[in-house]
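In: What follows is a protein structure lacking sequence information:
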């Protein structure tokens, strides 16, 4: 089973998406968008930028947990990862975005 983009609506009416790996684990969560079209544009940006390692900003949370932020060509954040226990796990997460994003179908969980 391939990975997938899952679009969801929040209580505020904003929309975001998650990129899930084939095992169902969330590997990237987007920023919030005003509508589904915005989320779809964000997904296209993930697809375009996922293969470019330079678009991934590696960061460390206050508690020392590594995570990453995927940025568009204009430097704006598209989404960020969950917190990882190790740098190696974070790097595996980055590789998973690169592997899953290009061909992942879009599933609209907001319509449920």
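Out: Cool, the structure landed. Small disclaimer: the values here were computed from a predicted structure and weren't measured. Residues are numbered from 1 along each chain as shown.
In: Which parts of this structure are strands?
Out: 4-9, 15-20, 26-30, 56-60, 66-71, 77-80, 106-108 (DSSP state E).
In: To residue 92, which of those lies closest?
Out: Of all those, strand 26-30 sits nearest to residue 92, with 9.3 Å by C-beta to C-beta. To be clear about C-beta, it is placed using only N, CA and C from the backbone, and glycine gets the same treatment.
In: List the buried residues in the closest one.
Out: Going by neighbour count (16 or more other C-beta atoms under 10 Å), the buried part of strand 26-30 is 27-28, 30.
In: Closest to the centroid, which residue in the protein?
Out: residue 28 (2.6 Å; C-alpha atoms, centre = their mean).
In: show me what contacts it?
Out: 18-19, 46, 70, 79-81, 97, 101 (C-beta atoms under 8 Å, 6 or more residues apart in numbering).
In: go on, residue 40?
Out: Residue 40 touches 7, 106, counting by C-beta under 8 Å, 6+ apart.
In: how about a cut-off of 10 Å?
Out: 5, 7, 15, 17, 33, 106, 108 (C-beta atoms under 10 Å, 6 or more residues apart in numbering).
In: Not counting its neighbours along the chain, what's nearest residue 105?
Out: In space, and not counting its chain neighbours, residue 105 is closest to residue 4: 5.4 Å by C-beta to C-beta, 6 or more residues apart in numbering.
In: shouldn't that neighbour be in contact with residue 23?
Out: No - the criterion here is C-beta atoms under 10 Å, and residue 4 misses it with residue 23 at 11.4 Å.
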